[in-house]
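>>> just the structure for this:
(one chain, ligands or ions: 1)
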Amino acid sequence: MINVITEISTENQIFYSVLLFSWTVYLWEAYLAHRQRKTYRDTTLVPEELGKIMDSETFEKSRLYQLDKSTFGFWSGLYSETEGTLILLLGGIPFLWNVSGHVIGRFGLGPEYETLGFFFKDALKKFAVTQCILLPVTSLLLYIIKIGGDYFFIYAWLFTLIVSLVLVTIYADYIAPLFDKFTPLPDGELRESIEEMAKSISFPLTKVYVVEGSKRSSHSNAYFYGFFKNKRIVLFDTLLEDHSPLNKGTADENVEIQTAAGDGSETESIETKVRPKNKKQGCSNQEVLAVLGHELGHWKLGHTVKNIIISQVNSFFCFFLFAVLMDRKELFSAFGFYDTQPTLIGLMIIFQFIFSPYNEVLSFSLTVLSRRFEFQADAFAKDLGKATDLYSALIKLNKDNLGFPVADWLYSMWHYSHPPLLERLRALKDKKKD
Ligand SMILES: [Zn+2]
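From the prediction side, this is the model:
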């Protein structure tokens, strides 16, 4: 009898600890978001450093956009936390498990999608691709856990390592092109200087692509990929002044007007040539090189390798802990699984709920580390003599992405994997002096 009581209380302890922790994190993040909204509300003047470059109209637009986004985030966050809590309290996980018997894939509606049609097409494709990868991988993983014996966690970790290596290998060549169009960067000044820079830091560059990233207002501007001696650089067209769709759009308009007037007199066609309404988007060649200098800095300074090592050590550690915990029946019964202990549910309970404090600490440490890496990569670009160009590029890109340059320190410390713009600019300026 006593035994039963202690068992129940252990279950309850587990269950309510998980719930309490989830709400603690939620309230903490809601508090941070509240601080950040206050920053959006109170900062109505363009910061001094940006006074010359950022007009108050752009600043105001970005401020209001971020404020709206944050208010929306508050309500959607409250909704999903409540929903999650209700699911847990009402024993929804066993219910869903019984109903579906399958993995329930969820994909979120991100603000990065501007048009609905594009969103649905893209979301469907994403869903299909994710399922094609996720289902066989999950099934195989479950199988390995089942037959792996005492040391299954080693095989499970090795398996995920191999899967991620395979995915990295095929992602850029086979998966990414399903979503975006990649074209080789044409010969010219920019490509020559990129090749030259790559050579100067012995980056084994084989190809340079431009990707049509314009459909999504992505925060990514350039990246590289590839193993060992076969590396490629990808530039988003929104980064490039000469490729940016906004600039192209206005150029096309001009052409149309010119051809329409082309039947008439030559002078008329020149006169009707309108000035582009939009300010030019994208960076000059020198600024693109500075951005690339930063990206290649991540490679040269070993940030990429360090990140891979950290994530593999973490996944090995998690599988090991999973192996230790997986036979504990009370973990399952805490979430309403009394008679069965499905492995998939075990993975979910342990990785998502039991590890959540560890996950929070880990993700905070990684955010801190990432910011350090960003400063180091900026410093690397500066050593290549690109401080001035990076300075102006960062401002332009921030503007194009409707980024708001001011952040509450606590909010940014918790959330920002990249240091706030002003901090980066200040660091670059300090370095410009020496
Ligand atoms: Zn970076």
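>>> check which element follows the lowest-mean-pLDDT helix or strand in the chain along the chain.
Sorted by mean pLDDT, DSSP states H and E, the helices and strands of the chain end with helix 266-272, the least confident at a mean of 33. The first helix or strand that comes after helix 266-272 along the chain, using DSSP states H and E, is helix 285-300.
>>> tell me which element residue 28 falls in.
Taking DSSP H and E as the definition, one finds residue 28 inside helix 2-42.
>>> any idea of the mean pLDDT in that helix?
For helix 2-42, the mean per-residue pLDDT is 85.
>>> which strands or helices does the strand or helix carrying residue 365 pack on?
If you go by DSSP H and E, residue 365 is part of helix 356-383. Packing partners of helix 356-383 (3 or more C-beta pairs under 8 Å, 6 or more residues apart in numbering; DSSP states H and E): helix 2-42, helix 285-300, helix 303-325, helix 387-400, helix 409-415, helix 421-433. (Glycine included, C-beta is placed from N, CA and C.)
>>> please name whichever of those helices is nearest to residue 374.
Across these, residue 374 has its closest neighbour in helix 421-433 (7.2 Å, C-beta to C-beta).
>>> what does the stretch 201-350 of the chain put close to the ion?
Residues of the stretch 201-350 of the chain lying near the ion by C-beta under 5 Å from the ion: none.
>>> so where's the stretch 201-350 of the chain uncertain?
213-220, 242-281 (pLDDT under 70).
>>> switch to 50 and redo it
For the stretch 201-350 of the chain, residues meeting the criterion pLDDT under 50 lie at 246, 248-278.
>>> hmm, back to that, how about the following helix or strand past the helix holding residue 28: buried residues?
Elements were assigned by DSSP H and E; along the chain past helix 2-42, the next helix or strand is helix 56-89. Burial within helix 56-89, assessed by neighbour count using 16 or more other C-beta atoms under 10 Å, is assigned to 58, 59, 62, 63, 66, 67, 70, 73, 81, 88.
>>> distance check, residue 382 against residue 39.
If you measure residue 382 against residue 39 using C-beta to C-beta, to the nearest Å, the figure is 28 Å.
>>> show me what contacts the nearest residue to residue 201 once chain neighbours are set aside?
Of all residues beyond its chain neighbours, the one nearest residue 201 is residue 300 (5.6 Å), with distances taken as C-beta to C-beta, 6 or more residues apart in numbering. Shown in contact with residue 300 (C-beta atoms under 8 Å, 6 or more residues apart in numbering): 201, 203, 380.
>>> check the gap between residue 300 and residue 76 for me.
Residue 300 sits 40 Å away from residue 76, going by C-beta to C-beta.
>>> returning to what we had before: quick one: which of residue 382 and residue 39 has more around it?
Shown here are residue 382 and residue 39; by other C-beta atoms under 10 Å, residue 382 has more neighbours (23 against 20).
>>> distance between stretch 416-423 and the chain's centre?
Put simply, stretch 416-423 sits 14 Å off its chain's centre (C-alpha atoms, centre = their mean, to the nearest Å).
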